[in-house]
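>>> Next input, structure requested:
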Amino acid sequence: MIMCNHAHPFGSICLVNLNTNVEFRSNRNQNLFKICSRVKRTTKMEEAKDLKPESFRIYPRPELQVSDEEVKKVSEILSNSMFLTMASACKTKAKKNEILMQEFLYFLRQKQLLRRYFGGSAAEGTELSTSDTDKMIVGPYIHVCFNPKDGENVTGHTFLVDTRDSSQGYGKLVLLTSDSSILTIFDKNGCPMKDMIEENEEGEKLLPSEKVVEFWRKFLEKRQTATGPPKTHQHGPCATAVTKDPSGYIKKEVGGVLEQDFAHGLPFCRMPFEGEEWLRERENFIWPSMNTLERIKMLDCHVVAVGDKTSQHSSIEWRISYLLWERELVWSFNDVQLHCFVLLKSLLKKFIHPIVPEELSSYHMKTVVFWEFENTTESFWRRENLITLLRKCLLRLQKSIKYLDLKHFIDRSRNLFLGRMVDPGIKDELIEIIEDIIQNILVKSMQCIDDIDLATTWQNSHGNVEEFLQKCRNDHKRNITTDVEESRHSVELYYNGQASWLINVDNVLANPGMLNKYQKAFEDKTRTKEFDEDFLQSVAMYVNMRSALIQVKEMLQLKNDAVTDEHFKKLVITMNENSDIDAISGKLYVVTALLVFDKRDEASSRIKGIFSSSESCTKYVYTGLCSTCKTIEVARQTMVQVKGFPKTENLLVAHDMIFAKEDISLLPAALKFECLVDRAFLVHPAVYALYLRVLCSKLDEKMKNIDHLKRAVIECEGTNHNYRHFNILGYCYYEVRYFDLAYECYSASISQTAQDGRPNAAILMLLTLLFTVRENIM
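Numbers count the residues shown, from 1 in each chain. Below is the predicted model of the structure:
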């Protein structure tokens with residue numbers, strides 16, 4: 001076997017052919033069996049048998065090396081690929097808007113008493129396919145403090161954080177003041193506050209963390225979801241609810257397992273000393289910026305219901321949490337910082353957890369990158385340096401494991417590795433696994449990229465960087481070898497549009513009273529200053545549009561035609577003023593209202609306006625879930641979907657249409673069937689626009705427009721929502737009495753939902769078709 005004996009300035013980056021049979025070095029081979037056997041000892045047998053052989057493959061270090069300049073070129077490819085598929089500052093900024101808006105609207109729905117904060121990767125915009133959703137519930141009238149004076153003027157119940165006999169970052173909650181006349185979240189859900197309190201041998205009244213987690217577990221058990229009550233269990237400070245995603249909106253997979261962690265947080269009356277100290281010290285560092293620090297100063301700190309597992313008093317201890325601070329730090333990352341963080345998490349999931357599943361977490365990866373970012377100059381965080389930066393993070397992690405010392409980034413007296421890796425053999429294994437990743441960092445990193453198979457391209461290039469770059473140019477449709485800045489505007493629009501659209505998906509189910517609350521809240525600029533103006537405007541416009549559509553439905557029940565017509569004209573003006581939700585869907589909601597009031601000529605005119613007659617092509621960034629194409633092109637009265645992001649200037653976005661079952665009186669015939677089987681549903685804007693054009697067209701144009709609709713339905717193939725488009729197409733064929741084609745569409749639709757058992761209106765449509773055919777025969 002060829003071994004590398006000469007030093008390399010980058011640290012022995014190796015070229016590895018994945019299909020080459022290699023001989024293990026004897027000591028690594030022995031360690032490998034040691035690792036496998038320990039997995040079987042420390043985890044259940046059924047977990048061990050699922051481990052993939054690729055996770056254990058350890059590669060030798062051949063003589064051939066990659067130069068520093070070549071590493072920079074490969075780094076740019078990795079970074080560009082991640083920008084387009086996994087993580088970017090565009091995505092994180094949009095996610096921040098979405099999360100803050102979700103939290104704001106939840107607070108309004110809870111009568112401004114209960115708060116729900118999102119944490120973890122799903123809130124940060126750094127999620128992997130296996131990531132779950134973390135939520136922290138913070139109720140009113142319960143606060144904590146370190147100094148009794150800080151809680152003197154606090155309403156409700158106040159607890160002193162007693163850190164005696166606890167590890168750094170943990171403490172027991174001792175009751176200071178209590179007002180039994182003020183009801184807490186526990187009182188309001190069948191568990192009086194007095195029953196949550198326990199008295200210890202010293203006569204102190206404590207709030208045990210274990211009782212609080214159990215309260216939330218039982219609370220979640222009683223909740224009903226679209227797939228029934230969730231299964232629950234405890235996960236650290238959280239009560240975890242396990243359900244299924246029935247429509248694939250969240251997990252992008254119908255029936256995908258959806259885990260939501262609910263932690264109970266109690267806010268501090270005043271910032272903990274460690275937090276104050278950390279903020280003072282930040283003035284000497286470039287990162288985070290002063291703007292980020294100013295925002296952090298305005299955010300609460302909390303204790304969450306989990307004790308130190310090494311403590312004898314774990315069941316009554318709470319942990320100090322800086323969730324909101326850390327979330328703000330991740331939201332401040334640039335592209336390359338995000339790429340480094342997401343790669344670290346992916347390496348952990350793919351190559352470390354299959355062998356040693358319990359000792360390291362994503363939170364440890366986050367802490368490592370925080371420390372590395374603080375100690376690296378801002379100018380170094382460029383795409384060409386991604387691999388170098390990733391390697392630095394891995395070396396820091398490796399050193400932290402060696403000395404069992406990883407300091408919390410904010411509370412710097414707290415060691416996150418306390419009580420971990422107590423078996424020296426496990427520590428040695430982790431060091432070896434990380435060393436293997438470092439020595440094979442290029443190919444390991446490539447295996448972590450979603451949707452772009454760089455690892456196979458590297459393998460087919462036989463480790464020749466120039467050949468690899470050429471194959472990247474030729475074999476991958478996305479422009480991963482060119483400057484991605486030309487795509488930034490499109491990517492930014494996509495994520496911003498998707499963020500506002502996801503808020504709208506929730507708001508489609510809001511009742512008129514709640515919509516009115518939202519409208520008033522949006523008008524208060526002091527409460528909405530944290531949102532980007534364009535994002536806020538899009539969400540507010542949809543709320544106004546939704547409110548107007550509800551009024552249109554109510555008007556359908558009125559008998560006074562004169563009054564109705566005058567009121568309807570005013571509503572159309574309101575809808576016109578709010579139709580710039582996006583480039584297409586807002587206008588289509590107006591056309592829907594016009595058709596239901598039989599304003600066919602005006603509806604037809606507006607439809608023609610949406611389908612541009614110009615020879616030049618207008619391109620829109622598509623943000624929804626009903627197609628894998630990210631571009632909609634409109635020209636010469638046609639609407640076509642195209643893969644990838646558009647790269648022209650002055651782009652607008654196009655959202656999916658969102659309807660609720662209560663809209664049945666408002667919608668055209670094909671969608672009335674959908675209202676009978678779904679609480680809410682989506683339709684691609686191109687499909688809906690073409691369907692409305694079919695409804696508005698004269699008999700001699702109908703079949704030509706149905707053909708255009710058929711093309712749009714076919715272009716939407718490959719998603720979880722296209723069955724509904726086949727239903728719409730089938731109904732159009734049914735209305736022009738092409739019963740055989742209608743039957744084919746309904747059959748195609750049913751085939752898409754037969755395995756996952758989703759309710760499908762095609763069954764009702766098919767029965768209608770069969771009844772009509774029977775009537776014609778008779």
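>>> Ignoring the adjacent residues along the chain, who's closest to K211?
M196 (5.6 Å; C-beta to C-beta, 6 or more residues apart in numbering). Yep, even glycine has a C-beta here, placed from its N, CA and C like the rest.
>>> My error: substitute Y691 in the last question.
Nearest in space to Y691, with sequence neighbours left out and distances taken as C-beta to C-beta, 6+ apart, is I728 at 5.3 Å.
>>> contacting residues around that neighbour?
Listed by C-beta atoms under 8 Å, 6 or more residues apart in numbering, the contact set of I728 reads 670-671, 683, 687-688, 691, 709, 713.
>>> Dump those to a markdown table, plus neighbour count and pLDDT.
Formatted as a markdown table, these follow (neighbours: other C-beta atoms under 10 Å; pLDDT from 0 to 100):
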| residue | neighbour count | pLDDT |
| --- | --- | --- |
| A670 | 24 | 97 |
| L671 | 23 | 97 |
| V683 | 27 | 97 |
| V687 | 27 | 98 |
| Y688 | 28 | 98 |
| Y691 | 27 | 98 |
| L709 | 24 | 97 |
| V713 | 24 | 97 |
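>>> and of these, the nearest to E259?
V683 (29.4 Å; C-beta to C-beta).
>>> pretty sure the closest one contacts C626?
Yes. Between V683 and C626 there is a contact under C-beta atoms under 8 Å: 6.8 Å.
>>> list the residues that contact both of these two?
Contacts common to V683 and C626, judged by C-beta under 8 Å, 6+ apart, are 656, 725.
>>> before we move on, the earlier item: the one helix or strand the residue nearest to Y691 maps to: what's the following helix or strand?
I728 is part of helix 722-735 when elements are defined by DSSP states H and E. Remark: after helix 722-735, the chain's next helix or strand is helix 739-753, criterion DSSP H and E.
>>> Which SSE is immediately downstream of that following helix?
Counting by DSSP H and E, what follows helix 739-753 is helix 762-777.
>>> in this structure, what spans have low per-residue confidence?
By pLDDT under 70, the low-scoring segments of the chain are 1-64, 224-229, 235-237, 245-256, 477-478, 559-560, 562-563, 613-614, 778.
>>> Tell me how far the residue minimising distance to the centre of it lies from L741.
By C-alpha atoms, centre = their mean, the mean C-alpha position of the chain lies nearest to A122, the distance being 4.2 Å. When distance is defined by C-beta to C-beta, to the nearest Å, A122 is 43 Å away from L741.
>>> And W371, by the same measure?
W371 is 63 Å from L741, by C-beta to C-beta.
>>> before we move on, the earlier item: right, and the residue nearest to K211 touches V213 too?
No. Judged on C-beta under 8 Å, M196 makes no contact with V213 at a distance of 11.6 Å.
>>> Looking only at neighbour counts, state which of these two leads.
V213 (24 against 18; other C-beta atoms under 10 Å).
>>> Which strand or helix spans the more buried one?
helix 209-221.
>>> Now do the helix or strand following that helix: which elements does it pack against?
Moving toward the C-terminus from helix 209-221, the next helix or strand (DSSP H and E) is strand 231-235. Packing partners of strand 231-235 (3 or more C-beta pairs under 8 Å, 6 or more residues apart in numbering; DSSP states H and E): helix 209-221, strand 238-245.
>>> Out of those, flag the one nearest T130.
Taking C-beta to C-beta, strand 238-245 is the member of the helices and strands packed on strand 231-235 nearest to T130, at 13.7 Å.
>>> what angle do the closest one and strand 231-235 make?
Here the directions of strand 238-245 and strand 231-235 differ by 140 degrees (axes from the mean of the first three to the mean of the last three C-alpha atoms, to 10 degrees).
>>> Name the residues of strand 238-245 that are buried.
The neighbour-count check on strand 238-245 (16 or more other C-beta atoms under 10 Å) flags 238-241, 243-245 as buried.
>>> Please apply the same query to stretch 676-685.
If you call a residue buried by 16+ other C-beta under 10 Å, then stretch 676-685 has these buried ones: 677-678, 680-685.
>>> do stretch 148-161 as well
So stretch 148-161, judged by 16+ other C-beta under 10 Å, has buried residues 150-151, 154, 156-161.
>>> Excluding sequence neighbours, find me the nearest residue to T753.
N760 (4.5 Å).
>>> quick one: contacts for the one you found?
677, 723, 727, 749-750, 753.
>>> one more time with 10 Å, if that's ok
N760 is in contact with 673-674, 677-678, 723-724, 726-727, 746, 749-754, 766, counting by C-beta atoms under 10 Å, 6 or more residues apart in numbering.
>>> Also A748?
Counted by C-beta under 10 Å, 6+ apart, A748 has contacts 713, 717, 722-723, 725-727, 729-730, 762.
>>> Counting neighbours, which of those end up buried?
The buried subset of these (16+ other C-beta under 10 Å) comprises 713, 722-723, 725-727, 729-730, 762.
>>> Let me have those residues in TSV, adding distance to I142 as columns.
Compiled in TSV, these are given as follows (distance: C-beta to C-beta, whole Å):
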residue	distance to I142
V713	54
N722	48
Y723	48
H725	50
F726	52
N727	50
L729	55
G730	56
A762	51
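>>> Now the residue nearest to the centre of the chain. Nearest residue, chain neighbours left out?
Excluding the flanking residues, the one nearest A122 by C-beta to C-beta, 6+ apart is T133, at 4.7 Å.
>>> Now do the helices in the stretch 51-200 of the chain.
Per DSSP state H, counting those that start in this stretch, the stretch 51-200 of the chain carries helices over the ranges 68-85, 89-109, 121-124, 193-196.
>>> and of these, who's closest to H364?
Judged by C-beta to C-beta, the one of the helices of the stretch 51-200 of the chain that comes nearest to H364 is helix 121-124, at 13.4 Å.
>>> Show me what that closest one is packed against.
Using 3 or more C-beta pairs under 10 Å, 6 or more residues apart in numbering; DSSP states H and E, the elements in contact with helix 121-124 are helix 89-109, strand 133-138, helix 323-331, helix 335-347, helix 362-374.
>>> For stretch 691-699, buried residues please.
By 16+ other C-beta under 10 Å, the buried positions in stretch 691-699 come out as 691-697.
>>> swap in stretch 471-488?
Neighbour-count burial for stretch 471-488, counted by 16+ other C-beta under 10 Å, picks out 471-472, 476, 478-481, 484, 487-488.
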